[in-house]
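**Student:** Take a look and give me a structure for this.
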Amino acid sequence: MHWFADIMAALGVVLNGIPQGIMAMGLGFAVFPTTFSFLLVSGINLAFNSVAPVSFQAESLALTGNLGKNTREYTSIIFGGSIIMLIIGLTGTLTRIVQVFGNHIITAMMAGVGIMLAKIALNMSKGHGWTGWVSIAVAVMTYLLSKDLVWTICLSVILSSLFAVFVEHYQNELPQNVTVRRFIFTKPLFNLRILRGALGLACLNLGANLSYGLITGQMTGIKPNPVNLNLLTSSQALADMGTSLLGGAPVETIISATASAPEPVIAGVLMMLIMAVILFVGWLPKIGKYVPSSSIAGFLLVLGLFVTFPENAATALAGKEQLTAATTLVITALVDPFTGLLAGGAMKFVLPLLGL
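**Tutor:** From the prediction side, this is the model:
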């Protein structure tokens, strides 16, 4: 019955990815080109026996939407971030970066991202009727009762969307570029905002690959941890590079329940292939017409406030360099992950010179 457990694990992660894919459409991303990303990474994982899949990730989508002004800028930020991450992955410098900055700065940055997500969730709920607040209420109650993120995102998105459709009579006509089922080359832009956004997104992915990737590896029960961080970083970067040039939504490292399946590699590949089929045949845009972007607000709040922030903040502030960690956390939350990481790195090397 291994195959049944593998399929159930794959379907569970697909359910987790669909609402975040709808969030991507709400930002103006085309989802058909993301078929390329899922197929590419599923092939790489199968070839190299990797247990860490990718999917739509709320954190990167929310950050990209916060750093850019329009879809063209979003895809340009993703393209720039993917180039940075590809260089890091191919040169094997991910672990060296962690050694230079230290784990407390990386975790402080992730804690700051948690606050950013909570702030984005509240901003999404303002000015959009009651849907976002319903999503937040359902998500908080569901997570407190179940401690399960899959149930949290499913119930909060479904119930708030039903509220939007039947109470607020919501129906959205998605732009043609979101629903079109063909590849359209999108030339990247370049300006200082895009550069800053690309660096910020790369910093977020740096932390996500380290935390989410290694957590997924731990879920397999295999020792030592089977996740190859350089392979994971390179494959995710290649996927994002390709889909961004086609106007598609990015995919990132996730904490995947497929890792706890009897055959974690097969389950992860199966999940990505199912997602590829859903995007290829055009089912996601049909669902997205009845799901407002604010329906994801509850999940973002829970992910930021209850999941990302507490664990990372506790780790970051537990050591001796609390001032450095606190600076990184606050500046990340107020500005962006790259500026926070830069500020933390500066504090780490300047304070000892001042005898502090």
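**Student:** Make sure residue 15 is actually in contact with residue 154.
**Tutor:** Yes: in this structure residue 15 lies within contact range of residue 154 using Cβ atoms under 8 Å: 5.7 Å. Heads up, the C-betas are built off the backbone N, CA and C, glycines and all.
**Student:** what about those two, which has more around it?
**Tutor:** Just comparing residue 15 and residue 154: by other Cβ atoms under 10 Å the higher neighbour count belongs to residue 154, 18 against 14.
**Student:** ok, residue 272 to residue 111 distance?
**Tutor:** Distance from residue 272 to residue 111, counting by Cβ to Cβ, to the nearest Å: 29 Å.
**Student:** Residue 71 too?
**Tutor:** 29 Å.
**Student:** Looking at those two, which one has more neighbours?
**Tutor:** residue 111 (30 against 18).
**Student:** pLDDT wise, what is the more buried one at?
**Tutor:** On pLDDT, residue 111 comes in at 88.
**Student:** Ok, residue 1 next?
**Tutor:** In this prediction residue 1 is given a pLDDT of 59.
**Student:** cool, and the one 3 residues further on?
**Tutor:** With respect to pLDDT, residue 4 has a value of 80.
**Student:** what about it, how many neighbours?
**Tutor:** 10.
**Student:** for the helix or strand hosting it, packing partners?
**Tutor:** According to DSSP states H and E, residue 4 maps onto helix 2-26. Packed against helix 2-26 by the contact rule (3 or more Cβ pairs under 8 Å, 6 or more residues apart in numbering; DSSP states H and E) you find strand 54-55, helix 58-67, helix 149-166, helix 264-280, helix 283-288.
**Student:** helix or strand right after the third one?
**Tutor:** It stands for helix 149-166. helix 176-179.
**Student:** In that next one, which residues are buried?
**Tutor:** By neighbour count with 16 or more other Cβ atoms under 10 Å, helix 176-179 contains the buried residues 178, 179.
**Student:** And the strand or helix carrying residue 310, what's buried?
**Tutor:** Here residue 310, judged by DSSP H and E, is contained in helix 309-316. Residues of helix 309-316 classed as buried by neighbour count (16+ other Cβ under 10 Å): 309, 312, 313, 315, 316.
**Student:** got it, and stretch 215-226?
**Tutor:** So stretch 215-226, judged by 16+ other Cβ under 10 Å, has buried residues 215, 216, 217, 218, 219, 220, 226.
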